[in-house]
Structures are given as structure tokens and as C-alpha cells.
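Undergrad: What follows is a predicted protein model with its sequence.
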Amino acid sequence: MKTGIDSIAFSTSKYSLNLDVLAKKRNVAREKYYLGIGQTKMSIFPPNEDIVTVAIDAARKVLAQIEDKNDVDMLIFATESSFDLSKSAGIYVHKFLKLRDDCRVFDVKQACYSAAAALQLARFYVKDNPNSKVLVIGSDIIRYLPETSGEPTQGGAAVAFIVSKNPRILEVEPCFGVHTVDVADFWRPVCLKEALFDGKLSAYNYLRSLDICTKRYFEKSGFSSDDIDHVCFHAPFGKMARKANNQSFNSKTIEETLVYNSLIGNSCSASLFISFISLADNFGGDLTGSRIGFFSYGSGSVAEFFCGVISENYKKMLTADDNKIMLEEREDISFEEYESLYKEEFCDFRAYKNIGSVTLSGVDNNKRVYGNIEKCENSFAGF
Ligand code: CAA
């Protein structure tokens, strides 16, 4: 039975910081960010948005593409930026999407790798339950301390996709190459909102893991890099994906995969799948029948390489115009606004726009309170 991605969508904040602005303030040449790191903007989240609200927006888009949302009997929420060590973020999403109450809901975590793990788990589940559909969500907002080398690679977004039999976008093939090793390259202690990292070690281990995973994959599958038409990478920043491509895939063209992530920044669990949406939306020709490689890397670390084949008529499932409009319509904020949001100095939950129709309206006695909103045209009133 063919299993894989039947519909897919992403969502991000209404606000972004142009890295030109950050470069000027940090006394760094803009070329370092634009060319050396390969990023031009990063999404910045206001206090009324979090991994749940942006996930609901992405998930609503994919549910609109299936006939009956009651076919969804499992929701896996992949994140490394959870705000609760106990309750699953997926439960809030389940409520606002009005999914059936015998739907299994749980979160998974392994840094940026977790949504790839969720995709594989979902496929195994569908093989046993062919009429089921699984909603997989990867949602992360990543923060580093100001004035660290990681600062220009912050960002955030959510991706949502439905895993089912006879998928209309991508049939995921059964072969995979996995590598797990204990490495202290990136971590976030529970007391911190900002991730800590050893940048050079993380880049080294990303490339080493890619080498091991692809060798394992090629050995098992009997394929070589010539059998793969395009490769999508986890993209913590564009240059990392370009280096990975040069190392392992004879420098195939990957520029179409990086269009969206270069404007969003690192979205961790969502990043690999946003690379895929970016390829599908921005590739000039027809991808039908193409074999796409996927490399997922989650610091700490677990990595996986696998492939999928693009389904006939996949183009009917794309929402390229909407995706481009969503990114174009974001508001660029000033450096002062960025600093203020970072320090959480200005916490009027009603002063900012939401990307979707659910908002975080406050935190009461450590309980997060979400509500439906009318799509409002309120201004960035805080500044
Ligand atoms: N014009 C053009 N390029 C310039 C330049 C200029 N004026 N000045 C510098 N550069 C280039 C450098 O030559 C370098 O290019 P190469 O990598 O090709 O040599 C590049 O800009 C970066 O410069 P530095 O080597 O000085 O790097 P840095 O100290 O500023 O740190 C970083 C860069 C390591 C990516 C840092 O942003 C970081 O640590 N980020 C967080 C960790 C991370 O994202 N790791 C990725 C792998 S881990 C992972 O994938 C999981 C995850 O999501 C976190």
C-alpha cells in the first residue's frame, strides 16, 4: 500500500525582521547574513502567537483539503519549543479544529528531527489502519541570546500535513538511513527560553550525520545519488543546506527549496517540510514521478535520510499563491520593536495581528488561554 503526504501547508508570524536592520545594529556586514549565512529575514512572534496558534492556522489549511475531517484519528504534534512539560500542545489544536474525541493526541520531541519521526510513525500506523488519516504538525519558535552568532538564525513556523494511503502529493518510500549519537551541539535547559549551542560542532555533526545516513540509505536501497532528482534539507540557515548538498549530492540545484526558509529563519521541526513546499511551489517544471530526498537533522542528535516520489496531479494540491502572499504581507518591524518583543516588555495581547483565527489571549495562573478572534485589521498599536 502506498502511504505518504496527502496535503501539506505552513504558517508563520505576521511580523518579520529584515537582517539588513540587524546587521547594521550588530556592526556586521549585511553580506555575512545574506550570503555567508544565506538568510534575509526572520519571523518574529508577538505575544498573542505561539506554537499552538500558528499550528492551528497551518492545520486548518490541510483539513480544508480532505473530504471528512472525522477520518483523522491521530494527531502528532512535533515540537522542541513546548511551554508545558506535561500537557500536549496538540490538545489545544485538537479542540480548536473540533476533531473527534477518540482521536489519539500526543507530542513528540527530538530537536528539529521530531516531525520526520512523526511522519514515519504515521505511515506505520496507516499501514495497519488503512482508512485512517493522521494529522502531523511540526511547530517551533526558536530564540537565541542577543549578540550571539545564532541571533540571525532565529525564526519560527508551523507545518501541517495529512498522512494517508494513496497520498495525493508524495508517496514516501520504505527505505531510510538513520544515525543517532549523543552530542552536546545544541540544547535548551527547561529553565531557559533561549537555546544554547556550539555552532561549529553543530555544523560538523550535521554534515557527519548526513554522510552516515546517506551511506546507510544507499547501501540498503541500492540507489545512488543519480537516482534522486531533488533533495530537501533541514535548513537552520541556507548556507548549511548548500554545504550539505555540495558534500553529498554532487551540487544538485537546491535553490528552489530555500526560498521560503530564507525569509522565515529556523523553524526547527517544520523546516525540512517547508523546504519541500518551497520546492513544489517554486520549481518551474513538472515534478511528477521525481524522487525527492529528505534529510532531517535534530541536534543532540538524531538524523534520517529517506526518499519519496511525487504523485501525479500533485500540482492540484499546491497553494503557492497563498504561501507567497502570506510571506509578502508580513510587516517588517524595527530593531527597537524586535528588542522589545524579545524582552517581552510590551505584552498587550490585543495589540498585534494574528496569522489565523485563534489567538493566545493571556496566561492566567500559568494556564494558557486561547480564543477565537474575528480576522481583525488592528494596527501594530504598541509602537
Ligand atoms: N560576506 C560574505 N560572507 C561572509 C562575510 C561577508 N562579509 N563575513 C563572513 N562570511 C561568511 C563566512 O566566511 C562563513 O562562511 P563559510 O561557512 O562558508 O565559511 C559564514 O559567513 C559564517 O561566518 P562564521 O564562520 O564567522 O560563523 P559565525 O560564527 O557567525 O556562526 C553559525 C554561524 C555557526 C551558523 C551560527 O549562526 C550558529 O551557531 N547558529 C546556531 C546553530 C546552528 O544553526 N547550527 C546548524 C547545525 S545544527 C542544526 O541544524 C539543528 C538546528 O536547527 C539548530
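TA: Arrived safely.

Undergrad: Could you use CA atoms for every contact and neighbour count after this?
TA: Will do.

Undergrad: what sits against whichever residue of the stretch 51-200 of the chain sits closest to the ligand?
TA: Nearest residue of the stretch 51-200 of the chain to the ligand (CA to the nearest ligand atom) works out as residue 199 at 3.2 Å. For residue 199, the contacting residues are 149, 150, 185, 186, by CA atoms under 8 Å, 6 or more residues apart in numbering.

Undergrad: mind checking pLDDT for it?
TA: For residue 199, the model assigns a pLDDT of 96.

Undergrad: just residue 50 next, same as before
TA: 97.

Undergrad: I figured it hits residue 360, correct?
TA: Yes. Assessed by CA atoms under 8 Å, residue 50 is found in contact with residue 360 at 7.3 Å.

Undergrad: Up against the ligand, what does the stretch 51-200 of the chain have?
TA: 112, 149, 150, 153, 197, 199, 200 (CA under 6 Å from any ligand atom).

Undergrad: Just grab the bridge partners of the first one for me.
TA: Translated: residue 112. Here residue 112 sits in beta bridges with residue 110, going by DSSP bridges.

Undergrad: Next, the contact list for it, please.
TA: Contacts for residue 112 (CA under 8 Å, 6+ apart) come out as 79, 80, 234, 268, 269, 270, 271, 296, 297, 298, 299.

Undergrad: can you check residue 312 too?
TA: Per CA under 8 Å, 6+ apart, neighbours of residue 312: 168, 169, 288, 289.

Undergrad: Give me the neighbour count for the last one.
TA: Burial of residue 289 is recorded as 15 neighbouring residues (other CA atoms under 10 Å).

Undergrad: Let me know the helix or strand that the spatially closest residue to residue 248 that is not a sequence neighbour is in.
TA: Spatial nearest neighbour of residue 248, chain neighbours left out: residue 211 (6.9 Å); criterion: CA to CA, 6 or more residues apart in numbering. For residue 211, the host element (DSSP states H and E) is helix 199-221.

Undergrad: Just the pLDDT at the nearest residue in space to residue 251 that is not next to it in sequence, thanks.
TA: Nearest residue to residue 251 in three dimensions, chain neighbours excluded: residue 245, at 5.4 Å (CA to CA, 6+ apart). On pLDDT, residue 245 comes in at 97.

Undergrad: Correct me if wrong, but residue 245 is in a strand.
TA: No. Using DSSP: H, G, I helix; E, B strand; the rest coil, the secondary structure at residue 245 is helix, not a strand.

Undergrad: shaky segments in the stretch 151-300 of the chain?
TA: Applying pLDDT under 70 to the stretch 151-300 of the chain flags no residue at all.

Undergrad: which stretches of it form helices?
TA: 199-221, 238-248, 255-258, 261-264, 271-282 (DSSP state H, counting those that start in this stretch).

Undergrad: Would you agree residue 341 is in contact with residue 46?
TA: Yes. At 6.6 Å, residue 341 counts as touching residue 46 under the criterion of CA under 8 Å.

Undergrad: who's more crowded, the two?
TA: Comparing residue 341 with residue 46 by neighbour count (other CA under 10 Å), the higher total belongs to residue 46, at 25 against 16.

Undergrad: Where does that one sit: helix, strand or coil?
TA: Going by three-state DSSP: residue 46 is coil.

Undergrad: residue contacts, it?
TA: 13, 15, 341, 349, 352.

Undergrad: Select from the residues you listed every entry located in helices.
TA: residue 341 (DSSP state H).

Undergrad: among the contacts of residue 46, which are in reach of the ligand?
TA: Counting by CA under 6 Å from any ligand atom, no member of these is near the ligand.
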